[in-house]
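A.B. asks: Would you be able to build a 3D model of this:
(one chain, ligands or ions: 1)
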Amino acid sequence: MGKIVRTLSGDGSVLCSAIDSTDMVRELQRLHNATPVVTAALGRMCTAGAIMGALLKNEGDTLTLRINGGGPCGTLTVVADYRGNVKCCAGNEQANVPLRADGGLDVPACVGTDGYLTVVKDMGLKEPYVGQIPLASGNIAEDITAYYSISEQIPTVCALGIVFNEDASVKAAGGYMLQLVPPVQDSSVKVIEDNLRNMESITGMLEKGLKPEELALNALEGLGAEVLDQWDAVYYCDCSRERTERILISLGREELQKLADEGETTEVCCHFCNKKYEFSTDDICRLLKEQKN
Ligand SMILES: [Zn+2]
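C.D. replies: Numbers count the residues shown, from 1 in each chain. Next comes the predicted model:
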């Protein structure tokens with residue numbers, strides 16, 4: 001079970017959200033059978049997406065975070081709900097790139113840097129909110145920091161880390177995101193800059209087993225911060241046979257007729273959890289009848 005913890009500075013001017021996303025990242029690696037570098041890329045996306053989703057206000061709101069950097073892993077997509085539960089997929093989950101010179105996973109080389117980071121917030125309004133920026137570095141944390149500062153004008157610091165065991169299984173995953181709440185207090189900014197300078201790297205802190213509340217409180221040290229709220233978040237796919245039928249119906253009469261004429265079982269696979277839904281010719285004919293146009 002993942003855990004999200006939020007802390008607020010004593011004067012209310014800085015919010016820090018932190019997450020232990022270890023189980024989420026293990027689950028995405030298992031479901032997608034992803035290579036370590038794609039697990040790292042999707043893992044960072046899910047870690048950030050969960051924190052970003054948790055900033056949504058209402059039940060039913062969703063946030064989609066998408067990066068298409070033109071790299072071997074293709075487009076990376078994460079969908080989060082307002083509680084920070086996430087699901088994700090990549091264009092090519094088996095993509096691989098050479099390790100960096102220091103032996104680390106080269107996430108930017110796998111993601112690519114020639115493209116965009118897009119955030120879609122569906123808050124039940126007529127049109128969803130869409131924000132987009134050109135990718136800053138392809139390392140994801142920097143891109144999200146840039147997104148908030150450019151697109152939403154919220155000064156933000158984002159740190160995301162995935163630590164692997166020697167057998168490429170996930171040892172720990174997590175991150176934190178710090179945001180200044182207007183009106184910005186210069187004195188708080190100074191303290192935070194010092195804290196960030198003195199804090200260990202996110203992977204170093206995860207290696208040591210630091211908990212999300214420790215991450216969130218360390219970042220706000222000296223600001224009289226307290227835990228605001230905390231709850232569990234998981235990797236969760238909400239696909240169902242009914243939803244899949246609606247997608248098939250939306251293909252239109254012609255496409256459905258084609259599937260019916262082929263006379264074979266139609267298999268639809270969910271990109272987010274790899275669950276397979278089978279539809280017989282009879283099922284397709286029934287959907288054709290439900291198809292109104
Ligand atoms: Zn699914």
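A.B. asks: then the helix ranked longest in the chain to PDB, C-alphas only?
C.D. replies: Longest helix in the chain by number of residues (criterion: DSSP state H): helix 36-53. The C-alpha trace of helix 36-53 is given here as PDB (Å, rounded to 0.1, in the frame of the first residue of the first chain):
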ATOM      1  CA  PRO A  36      14.100  -1.400 -15.400                       C
ATOM      2  CA  VAL A  37      14.500   1.900 -17.300                       C
ATOM      3  CA  VAL A  38      10.800   2.000 -18.300                       C
ATOM      4  CA  THR A  39       9.900   1.000 -14.800                       C
ATOM      5  CA  ALA A  40      12.000   4.000 -13.600                       C
ATOM      6  CA  ALA A  41      10.300   6.300 -16.100                       C
ATOM      7  CA  LEU A  42       6.800   5.100 -15.400                       C
ATOM      8  CA  GLY A  43       7.600   4.900 -11.700                       C
ATOM      9  CA  ARG A  44       8.600   8.600 -11.600                       C
ATOM     10  CA  MET A  45       5.500   9.500 -13.600                       C
ATOM     11  CA  CYS A  46       3.200   7.600 -11.200                       C
ATOM     12  CA  THR A  47       4.900   9.000  -8.100                       C
ATOM     13  CA  ALA A  48       4.400  12.500  -9.400                       C
ATOM     14  CA  GLY A  49       1.000  11.800 -10.800                       C
ATOM     15  CA  ALA A  50      -0.300  10.500  -7.400                       C
ATOM     16  CA  ILE A  51       0.900  13.700  -5.700                       C
ATOM     17  CA  MET A  52      -0.600  15.900  -8.400                       C
ATOM     18  CA  GLY A  53      -3.900  14.000  -8.400                       C
END
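A.B. asks: Show the average pLDDT along it.
C.D. replies: For helix 36-53, the mean per-residue pLDDT is 98.
A.B. asks: Buried residues of the helix or strand following that helix, list them for me.
C.D. replies: The element immediately downstream of helix 36-53 (helix or strand, assigned by DSSP states H and E) is strand 62-68. By neighbour count with 16 or more other C-beta atoms under 10 Å, strand 62-68 contains the buried residues 62-68. C-beta coordinates here come from the backbone N, C-alpha and C atoms, glycine included.
A.B. asks: Run the chain-centre distance for strand 62-68.
C.D. replies: Remark: strand 62-68 is offset 7 Å from the chain centroid, using C-alpha atoms, centre = their mean, to the nearest Å.
A.B. asks: what does that strand contact?
C.D. replies: 45, 48-49, 52-53, 56, 74-82, 111-112, 115-122, 135, 138, 140, 143-144 (C-beta atoms under 8 Å, 6 or more residues apart in numbering).
A.B. asks: Please consider this matter closed, and thank you.
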